[in-house]
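>>> here is the input, now give the coordinates:
(4 chains)
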Number of protein chains: 2
Amino acid sequence: MLQHSILETLPRELQKEALESIQVMRFPPGKILFRAGEHCQGLPLMLSGAIKVQMTGVSGNSIVLYRMGADDICTLSIGCLMTGYGYRAEAIVDEEAEAAMVPRGLFDRLMDQSAAFRLGIMESYGRRLDDLMLLVEEVAFRRMDERLEEWLQARKSPIHITHQELAVELGTAREVVSRLLKELERKGRVSLARGRIDVSG
Amino acid sequence: MLQHSILETLPRELQKEALESIQVMRFPPGKILFRAGEHCQGLPLMLSGAIKVQMTGVSGNSIVLYRMGADDICTLSIGCLMTGYGYRAEAIVDEEAEAAMVPRGLFDRLMDQSAAFRLGIMESYGRRLDDLMLLVEEVAFRRMDERLEEWLQARKSPIHITHQELAVELGTAREVVSRLLKELERKGRVSLARGRIDVSG
DNA sequence: GGGGTCAGTGTGACTTTATCACTGAACGGA
DNA sequence: TCCGTTCAGTGATAAAGTCACACTGACCCC
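The predicted structure is shown next:
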């Protein structure tokens, strides 16, 4: 119940309040948590699963910005809560996810009364900032074939994904992914099937 | 004295403490505030001037991530303060800058005791996150000639900058900037001189 | 002033990536 | 089985990145 590290550090009374006002929600894969432009209701603390955050540019192309996993905090929601602006990106569930939704009022109280909670929030922000800085560098300067291979190596085979989805992961075009994958297949590093990639080795 | 909006919201006693422990520093153009890997001393609140934050990738190429101006807060420093990790990027003064340096202890106390201070910090984080998300999209999907023209339009002519520096602003190679600028010159949109660009219109 | 030095710029040749247009293959209903 | 839809492959072309090297203006120093 409410297994999120940031809540475990709270003093007894706040923990009690948390238990009362936090509601745990469960989201199936593919579920869209929020879209660009929407406004947020509360702060999701992730208990399990995986959620990807991606944005779509003016060009119509999309790119995955980062992923959230167990014990993460949705930093985008913090921004929305504090400033009242809508989301700029969208969040889509990868693996069935559970999240504890902290309502606005409790969030304010926790920020006010728990140094540990504040630290958790700030760390989370810092990590995202780091993620994005690295992503900028990656997108700006690294070669696509290297990035693709790394991406493939980081998962376990077989990988179930379409070329289009993979293009969004890397922030490129579908055709580019198709060609690079074909090239890898020719080299014997992967074998391809519709919606599926088997990595050799 | 200490004209930073986030400090003006403080209750009298904290303001007094702030005045005592904050020291205002002045930095000349070109001064490097911090480099990648360094550790931070305190939280800079910018009073005036302009500072660019850029990072250098494994490839050796650099890109400007964002700029800080008057009334900004250095979010990278917050991350360093809270987590103890070194900076991942570097900060370089563009226009002579003044900053109020908030020491660690005061920072903790302000976070604890001022909701307005917390709000300011969080807003600042949110803005950076937004900046970086937009930058990712820009770098991944937008055409370089458009980005270059926008960059030029956003300043007032004459612009004193080398092609190399401009390449870092946009996250591309010097040759690309040179060629695009030459093309613009042929179209009569700019005129070029060593270290200087005049934009027509 | 002439010569040397060096940062800054120009450009050709080539590779990589993006875009456009289209084809065909695989899959899932009806 | 047929049909529509999604997914994948590919040629042609344009944009951007990389490598190599030549040129030029600014400055210093004798």
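>>> how is chain A divided into domains?
Domain segmentation of chain A under automatic domain parsing yields A:5-140, A:143-199.
>>> next, the contact list for residue A:185, please.
A:191-192 (Cβ atoms under 8 Å, 6 or more residues apart in numbering or on different chains). In this view, the C-beta of every residue, glycine as well, is placed from N, C-alpha and C.
>>> can you check residue A:172 too?
By Cβ under 8 Å, 6+ apart, the residues touching residue A:172 are A:144, B:140.
>>> just name the most buried of the domains of chain A.
Most buried of those, by mean neighbour count (mean count of other Cβ atoms under 10 Å in any protein chain shown): domain A:5-140, with a mean of 18.
>>> check the offset of that one from the chain's centre.
In terms of Cα atoms, centre = their mean, to the nearest Å, the centre of domain A:5-140 is set 9 Å apart from its chain centre.
>>> quick one: the lowest-mean-pLDDT helix or strand in chain A near chain B?
In chain A, no helix or strand scores lower on mean pLDDT, DSSP states H and E than helix A:75-83, which sits at a mean of 89. Yes - Helix A:75-83 reaches chain B (Cβ under 8 Å from any Cβ of the partner chain) through A:75-76, A:78-79, A:82-83.
>>> mean pLDDT lowest where, among the domains of chain A?
Of all these, domain A:5-140 carries the lowest average pLDDT, namely a mean of 94.
>>> can you tell me if that one touches DNA strand C.
Yes - Domain A:5-140 lies within reach of DNA strand C by Cβ under 7 Å from any atom of the strand, at A:59, A:61.
>>> and the helices in chain A?
With helices called from DSSP state H, chain A shows them at A:5-8, A:12-21, A:75-83, A:104-113, A:115-141, A:144-153, A:163-170, A:174-186.
>>> mind checking which of those is nearest residue B:152?
When these are ranked by proximity to residue B:152, the top entry is helix A:115-141, at 19.4 Å, counting by Cβ to Cβ.
>>> now do that closest one against helix A:163-170, angle only.
Counting by axes from the mean of the first three to the mean of the last three Cα atoms, to 10 degrees, helix A:115-141 points 110 degrees away from the direction of helix A:163-170.
>>> just to revisit the earlier point, export the domains of chain A as CSV, with columns for distance to DNA strand D.
Shown next, in CSV, are these (distance: least, Cβ to the nearest atom of the strand, whole Å):
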stretch, distance to DNA strand D
domain A:5-140, 7
domain A:143-199, 3
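>>> now the residues of helix A:75-83 next to chain B in JSON lines, with distance to residue A:171?
Listed next are those as JSON lines, based on distance: Cβ to Cβ, whole Å:
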{"residue": "A:75", "distance to residue A:171": "20"}
{"residue": "A:76", "distance to residue A:171": "18"}
{"residue": "A:78", "distance to residue A:171": "24"}
{"residue": "A:79", "distance to residue A:171": "22"}
{"residue": "A:82", "distance to residue A:171": "28"}
{"residue": "A:83", "distance to residue A:171": "26"}
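>>> so which residue is dead centre in chain A?
Nearest residue to the geometric centre of chain A (Cα atoms, centre = their mean): residue A:67, 2.4 Å.
>>> list the contacts for that one?
By Cβ under 8 Å, 6+ apart, the residues touching residue A:67 are A:50-53, A:94.
>>> thanks again, I'm all set now.
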